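> Predicted model and sequence below, questions to follow.
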Amino acid sequence: MPTALITGASRGLGKAAAKLFANSGWDLLLVARSKNDLQSLVDDLKDTGSRIRYKSLDLSISDTIIPGVSDLLSEGNAPSVLVNNAGVAWTGELLSMPLKSWQWLIQMNLTSIFQVCSVVVPSMRANGGLVINVSSHAARNSFPQWGAYCTSKAALVSFTKCLAEEERKHSIRACTLTLGSVNTTLWETDSVQGNFDRSAMLSVDQAAAALLYLAEQPTSQVIEDLTLMPASGAF
Ligand code: NAP
């Protein structure tokens, strides 16, 4: 069975992706903070036959990431696919954003991905692999009140393209999944304010299917970016 490492797998898109991958014959390595949520996901998926290991890890704390992900890798086969899905949002005007919130958001949406890649990508080099970074159409647009988020996702796109060029010689591909709004728990987090029509958003299952589609591309090709938008609603 191929193995995928998925971050942010305890809820939202990451959880839906973990379920879909497990039901599609993938073994899994999962990361999030909530041990309880990860354990109940493993319990839910036990009939799939998927071999699932997880690590409770706070990706906002830079020092713990490399030892934590290394530990997780030592428990399973080297992943052939890495899905950098964990991410956060913060709403408010750019210049009113506390430095601590800025650093937290950039750590979560950009630096932690660099750190996870620095452990996982070398483990892929023997057999090749694919890195899928979950981006947003905020990477390409300027949404007032979402400046830090837009900035982090735009930088993530650039990181992904540079990584792809550098790792090409090792048969490692890197791509982005660019999403419009998805109806997830992100919209309930304390750092996101606003009244959004969640019924018009993409479902987590639609977004998870796009992740699986990218993951199951032949190794001789790469879809460099897949953009998936809801057909109606604001974004
Ligand atoms: P979500 O429902 O809020 O889920 C976020 C996931 O990340 C959870 O599993 C959470 O688990 C984990 N996470 C949060 N903080 C963490 C931390 N400090 N350390 C480790 N894990 C942490 O968000 P989502 O909507 O599924 O977002 C997934 C990705 O899609 C993100 O990259 C987001 O930017 C992107 N995206 C979302 C939308 C949307 O409309 N929802 C649109 C475009 C792109 P724990 O709380 O257990 O740690």
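Happy to help now that I have it. As the structure is a computational prediction, the values presented were derived from the model and not from experiment.
> List, one by one, the residues from the chain near the ligand.
8-14, 32-34, 37, 57-60, 85-88, 108, 134, 136, 179, 181-182, 184-186, 189 (Cβ under 6 Å from any ligand atom). Using the backbone N, CA and C atoms, a C-beta is placed for each residue, glycine as well.
> try 5 Å this time
Contact residues, the chain versus the ligand (Cβ under 5 Å from any ligand atom): 8, 10-14, 32-34, 58-60, 85-87, 134, 136, 179, 181-182, 184-186.
> Helices - which of those residues land there?
Gly12, Leu13, Gly14 (DSSP state H).
> Let's have those in CSV, adding neighbour count.
Formatted as CSV, those follow (neighbours: other Cβ atoms under 10 Å):
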residue, neighbour count
Gly12, 24
Leu13, 31
Gly14, 27
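> dump the residue contacts of the spatially most central residue of the chain.
Nearest residue to the geometric centre of the chain (Cα atoms, centre = their mean): Asn85, 0.9 Å. Going by Cβ atoms under 8 Å, 6 or more residues apart in numbering, Asn85 touches Ile6, Thr7, Gly8, Ala9, Leu13, Gly14, Ala17, Val134, Leu211.
> now Tyr54
Going by Cβ under 8 Å, 6+ apart, Tyr54 touches Ala9, Leu28, Leu29, Leu30, Val31, Ala32, Lys35, Leu38, Gln39, Leu41, Val42, Leu72.
> Just give the closest residue to Lys19, not the sequence neighbours.
Spatial nearest neighbour of Lys19, chain neighbours left out: Leu45 (6.6 Å); criterion: Cβ to Cβ, 6 or more residues apart in numbering.
> From the contacts of Tyr54, pick the one nearest the ligand.
Nearest to the ligand among the contacts of Tyr54 is Ala32, at 3.6 Å by Cβ to the nearest ligand atom.
> show me where the chain has strands.
3-7, 27-32, 52-56, 81-84, 129-136, 172-179, 225-228 (DSSP state E).
> ranking those by burial, who's on top?
Comparing the strands of the chain on average neighbours per residue, with mean count of other Cβ atoms under 10 Å, the densest one is strand 81-84 at a mean of 29.
> returning to what we had before: turn the ones in helices among the residues of the chain next to the ligand into CSV, columns for distance to Asp197 and pLDDT.
Below are those laid out as CSV (distance: Cβ to Cβ, whole Å; pLDDT from 0 to 100):
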residue, distance to Asp197, pLDDT
Gly12, 18, 98
Leu13, 19, 98
Gly14, 23, 98
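> residues contacting Tyr149?
Ala89, Trp90, Thr91, Leu105, Asn109, Ser136, Ala138, Phe143.
> Do I have it right that the third one meets Val192?
It stands for Thr91. Yes: counting by Cβ atoms under 8 Å, Val192 is a contact partner of Thr91 at 5.4 Å.
> Report the mean confidence score over the longest helix along the chain.
As assigned by DSSP H, the longest helix anywhere in the chain is helix 147-167. The average of the pLDDT scores along helix 147-167 is 98.
> If you count neighbours, what's buried in that helix?
147-157, 159-160, 163-164, 167 (16 or more other Cβ atoms under 10 Å).
> Repeat that for stretch 66-78.
For stretch 66-78, burial by neighbour count (16+ other Cβ under 10 Å) applies to Gly68, Val69, Leu72, Leu73, Ala78.
> again with stretch 189-205
Quick answer for stretch 189-205 (16+ other Cβ under 10 Å): Val192, Met201, Leu202, Val204.
> And the average pLDDT for that stretch is what?
Stretch 189-205 carries an average pLDDT of 93.
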